[in-house]
Every structure is written in structure tokens, then in C-alpha cells.
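**Q** Structural data only, the sequence is not supplied:
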């Protein structure tokens, strides 16, 4: 698999989704057809065009922005519409040790089919240094969120932040390899559009669906990974504030599933997910249900309280009013649909490289509830930004 990833990156894919733990790769080259949504008033027509392609031999790769209804296009997200799916000229899916081909390109097919040896990807991070921006503005926003929660019906608000990094160019191949190495339990992705490269390594799968079974992941509550022992981590996650934040997301998904089916929901016990820089709490939900449309699933589940807050609509209104930037595709959805299945992930721990601006915009956010500790939240936010900074070579990050 690792050798295949290296071969793919050498050929400059247009889209790439890699989940090392599941040993799965989706990669596409060039674009045969693009279906875009530039005005939310046209959402029904957009959905019809997508649904027309579902069930064919085509592979669709794409996603949605965070706030599709109130999407404000600016130079930061100029290359990305509200929502978009592409049908590639040629694509491959590596799954269960088999390589599946979509479209036709004999040269690429023969080239990628030769990847039979499992060679390790070598860590190629350069050592640079960067000073983190002052987080006073974000800290004040966290305080505002806590005040709003205390004085309204809001129970949780996800408060986001962005950081600008000036960089003349990026070796996206090495960056993606570094993300895969460092975060094997996450889904690493790369979307190229125009002068922009949107990339990251997300810990959160929103759902996968194979036409019969719907699987959803509720991931919320985080603790920076400072080398604590597992007992310390387990004790920390018993904290009522962290557990409340997690339960809000779990209960939200349970209610959403109940609204579409009376079938039994299988709910896992909360489990701790360990990443290089952070721990997360994860609960898995599963239900047997046939004939669901993946776009309808997305509409129902996104944005979840893990990405916006709770109640969702009120939290989104708060974000529109108080956040000082437009999220674009950050905390939106990325994924793919083919004839038999669909997989979608939350676009987190991500950045957008604007080559014409020689700038990387990195994004991260935290879920805030009434009893959240501002100092703890700052530590967590910094640990999330390191995902991007480390991947592109900024190893010596100072506060």
C-alpha cells in the first residue's frame, strides 16, 4: 500500500483520500466532468445531477462546505464552490488488497498495477521554525461562547480559528506522506482545484453506507497528548464537561437515525482514540437500513454538533455572527460515492494552500460548553494546528 501511495503521488493526482488503518486509497487523475453548486437556490437541481450518476460505473469524489446555505465565496475559497463532485477521467480504489479501476488510461493503469511491494514511506519533514500567532482574539471568542451558552438555549458551540503561514511553495507529495506517517488512524485527503490545494488529516468519519448498513461515528471531546498514562487519560475523559460535550453529539445522531428508521441502533461504548498529538472520545453507531440516498444522509447528519454546536441551527447562527472569517470547506465534508457504497469524512485538521498568494491557511476549532476551561482549550487548539505545521516542515513550533 505504501509503495502504491508513492507511485500515485508521483503522478500528481487531482483528488486523493487515504485511510492507512483501513488500508484504503481513492485517487483520481484529471477531470472528465464537474458538477458544482454555486447558488444554494439550485440545490435540488444539483442533487438531481448527482443522483443521475449514482449507480453507474462512475466514481464521484467531492463534498460540501460547512455552511452551504450562507456560503460567502472569497479569495481564500475562490477555487471551491458551495459543493462539488467530479467524475475523474481515470481513478483507482485500493481496498482489501485489490485495485479497482474507473475510466480508462492504460499508461496509468499499468504504472499503478505494478505496485506490489510494500515499501515504507520515509519521513521527509524538513526542520523549520514558526512563531504561533497571538490567540487573544480566539480566547475572547471562547469567552463570548461561554457567555452565550450561559444566557441562551445553546449547550455547545464549536469555535474555530485559522492561522496564516507564508510559504512560497509546498511539496504536497512529501506533506501528504508526512500526514499518513504521523496519523495512521486518520483519513488523509487532498483536493486540487485551480490555484488551491485543500488538504489535511481528519480523525472523523461522518458515515459510510453500503446500501444495507449505515455506520456513523460520533467523535467529540479531546485531550492533548502529552505522554500521559492511559489511566490518566481515562480519568480525564470521565470529566463531566468532556463527557457532556461527547454525549451531545451521540444523542444528536441517535435522534437523527430514529427520524428515518425504527430499526435497532447498535451503539458502542465510548472508546479512546490516540493520535500523535491528541486523544479523542469516539462512539460508533450502526443500523441496518436499505435504499438510503447518500446525499440525503449528508443533509441529515451535516453539520453535526461536533462541527457546529448544539442546537445545531442556533450554533450555526452564532458562528455566522461572531466568527471573523468564513470557514469555506473547513469543517465541511469530503468523500466519495460509487456504485455500491459511499464514504464521507469531516474536513478537519486541514489547510488550504493558495499557490498564487504563496499562503497556507490552516484551520482548527474546539467544542465549547459552559464549563470549558480557556487555558485547556488553547492547549488543545495548538495541538491541532501542529498537525498541519509539522506536515509541511514546521517542527519547532513556539508559543
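**A** In hand now; what should we look at? Just so you know, these numbers come straight off a predicted model, no measurement behind them. Numbers count the residues shown, from 1 in each chain.

**Q** Next up, the contacts around the most centrally placed residue in the chain.
**A** Closest to where the C-alpha atoms of the chain average out (CA atoms, centre = their mean) is residue 347, at 2.1 Å. Residues near residue 347 by CB atoms under 8 Å, 6 or more residues apart in numbering: 63, 189, 198, 200, 202, 329-334. Every residue, glycine included, has its C-beta placed from N, CA and C.

**Q** Distance from the chain centre to whatever helix or strand residue 386 lives in, please.
**A** Residue 386 is part of helix 374-392 when elements are defined by DSSP states H and E. Helix 374-392 has its C-alpha centroid displaced from the chain centroid by 16 Å (CA atoms, centre = their mean, to the nearest Å).

**Q** buried ones in it?
**A** 376-378, 380-392 (16 or more other CB atoms under 10 Å).

**Q** Among these, give me the pair with the biggest separation.
**A** 376 and 392 (26.5 Å; CB to CB).

**Q** pLDDT weak spots in the stretch 1-150 of the chain?
**A** 115-134 (pLDDT under 70).

**Q** Check whether residue 170 sits in a helix, strand or coil.
**A** Secondary structure, DSSP: H, G, I helix; E, B strand; the rest coil: residue 170 is coil.

**Q** Okay, and the closest residue to it other than its chain neighbours sits in which element?
**A** Closest residue to residue 170 apart from its sequence neighbours, by CB to CB, 6 or more residues apart in numbering: residue 353 at 5.3 Å. Using DSSP H and E, residue 353 sits within strand 350-354.

**Q** Any idea how many residues pack against the closest residue to residue 193 other than its chain neighbours?
**A** Spatially, and ignoring its direct neighbours in sequence, residue 193 is nearest to residue 79 (4.1 Å; CB to CB, 6+ apart). Residue 79 has 20 neighbouring residues, counting by other CB atoms under 10 Å.

**Q** From the contacts of residue 347, list the buried ones, please.
**A** Judged by 16+ other CB under 10 Å, buried ones among the contacts of residue 347: 63, 189, 198, 200, 202, 329-334.

**Q** where along the protein do the helices fall?
**A** 2-10, 43-53, 106-113, 136-150, 172-182, 230-237, 240-258, 294-301, 312-322, 374-392 (DSSP state H).

**Q** Let me have the ones you listed in a markdown table, adding distance to residue 340 as columns.
**A** Below are the helices of the chain laid out as a markdown table (distance: least, CB to CB, whole Å):
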| stretch | distance to residue 340 |
| --- | --- |
| helix 2-10 | 21 |
| helix 43-53 | 14 |
| helix 106-113 | 21 |
| helix 136-150 | 42 |
| helix 172-182 | 25 |
| helix 230-237 | 36 |
| helix 240-258 | 22 |
| helix 294-301 | 11 |
| helix 312-322 | 30 |
| helix 374-392 | 32 |
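
**Q** closest to residue 278 out of these?
**A** Nearest to residue 278, of the helices of the chain and by CB to CB, is helix 374-392 at 5.0 Å.

**Q** elements contacting the strand holding residue 353?
**A** Packing contacts for strand 350-354, counted by 3 or more CB pairs under 8 Å, 6 or more residues apart in numbering; DSSP states H and E, involve strand 196-202, strand 359-368.

**Q** Pull up the pairing partners for that strand, direction included.
**A** Take DSSP bridges as the rule and strand 350-354 pairs in its sheet with strand 196-202 (antiparallel), strand 359-368 (antiparallel).

**Q** Could you report the neighbour count for residue 294?
**A** By other CB under 10 Å, neighbour count at residue 294 equals 23.

**Q** for residue 195, what are its contacts?
**A** With CB under 8 Å, 6+ apart, residue 195 has these contacts: 79, 354-356.

**Q** quick one: the strands in the stretch 1-150 of the chain?
**A** Residue ranges of the strands in the stretch 1-150 of the chain, as given by DSSP state E, counting those that start in this stretch, are 15-19, 24-37, 60-64, 83-95, 98-103, 128-131.

**Q** As TSV, the ones you listed with distance to residue 176 would be great.
**A** Shown next, in TSV, are these (distance: least, CB to CB, whole Å):
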stretch	distance to residue 176
strand 15-19	7
strand 24-37	11
strand 60-64	16
strand 83-95	15
strand 98-103	19
strand 128-131	18
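
**Q** Select, out of these, the one closest to residue 183.
**A** Among the strands of the stretch 1-150 of the chain, the nearest to residue 183 by CB to CB is strand 15-19 (10.2 Å).

**Q** strands paired with the closest one, and their directions?
**A** Partners of strand 15-19 in its sheet, by DSSP bridges: strand 24-37 (antiparallel), strand 187-193 (antiparallel).
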